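Student: here are the coordinates; sequence isn't available:
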């Protein structure tokens, strides 16, 4: 293989890595923003969830604890919406926070090597989801199975960010 062919192959590899980094970051930005935005139509969302998985559905026969929990949350949210709608202002801010954090990932999208710290920040945040869910869950009377679901957001967020970090470190070697 000649030097020119090696350079062409390296260039192809660099571009493939850059493309994968961009796709994973865009995926993460969209997933983070959408997961936050689900907090805005909370009453509508829990109504759908309750109709699919609540205690009066066929699903509840398969997993009664989940059906009971979904119906319990449905009742709490609908009662709160009727009597204290201002409480949902907090979920609006939750959605806003997700969007603001998602925007921070535009930096690594534009210049991954220089902004790898944002990816590392995201990895740390994903790891911290687990202890927060497992510590605050029992304090707030959240069933363990739901704490595990909450933990999964950290785990599933960690995976693409870990792949992105790995690829950015590869890019740094090519650029450095």
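Tutor: Done, it's in. Because the structure is predicted, anything quoted here is derived from the model rather than measured.
Student: CA atoms for contacts and neighbours, from now on please.
Tutor: Fine.
Student: got the buried residues for stretch 159-171?
Tutor: Using 16 or more other C-alpha atoms under 10 Å as the test for burial, stretch 159-171 gives 160, 161, 164, 165, 167, 168, 170, 171.
Student: Run the chain-centre distance for the strand or helix carrying the last one.
Tutor: Residue 171 is part of helix 144-175 when elements are defined by DSSP states H and E. The chain centroid and the centroid of helix 144-175 are separated by 10 Å under C-alpha atoms, centre = their mean, to the nearest Å.
Student: swap in stretch 123-137?
Tutor: Put simply, stretch 123-137 sits 12 Å off its chain's centre (C-alpha atoms, centre = their mean).
Student: For that stretch, which outside residues touch it?
Tutor: The contact list for stretch 123-137, computed with C-alpha atoms under 8 Å, 6 or more residues apart in numbering, reads 143-144, 147-148, 150-151, 153-155, 157-158, 161-162.
Student: what does the domain assignment say about this protein?
Tutor: Annotated domains of the chain cover 11-37+105-176, 41-91 [automatic domain parsing].
Student: related to what we said a few turns ago, for the helix holding residue 171, packing partners?
Tutor: Contact here means 3 or more C-alpha pairs under 8 Å, 6 or more residues apart in numbering; DSSP states H and E; on that basis helix 144-175 packs against helix 3-37, helix 116-139.
Student: Just name whatever secondary elements the first helix or strand past the longest one going along the chain is in contact with.
Tutor: Scanning forward in sequence from helix 3-37 by DSSP H and E, the next helix or strand is helix 42-53. Secondary-structure packing of helix 42-53 (3+ C-alpha pairs under 8 Å, 6+ apart): helix 58-62, helix 64-83.
Student: just so I know, which of those helices lies nearest residue 24?
Tutor: The minimum distance between residue 24 and these falls on helix 64-83, with 31.9 Å, by C-alpha to C-alpha.
Student: mean confidence for the helix or strand following that closest one?
Tutor: Per DSSP H and E, helix 64-83 leads on to helix 89-104 as the next helix or strand towards the C-terminus. Confidence for helix 89-104, expressed as mean pLDDT, is 98.
Student: Buried residues in helix 89-104, which are they?
Tutor: 91, 92, 94, 95, 96, 97, 98, 99, 101, 102.
Student: That one: how far from the chain's middle?
Tutor: Offset of helix 89-104 from its chain centre (C-alpha atoms, centre = their mean): 12 Å.
Student: show me where pLDDT drops low in this structure?
Tutor: In the prediction, the chain carries residues with pLDDT under 70 at positions 1-6, 8.
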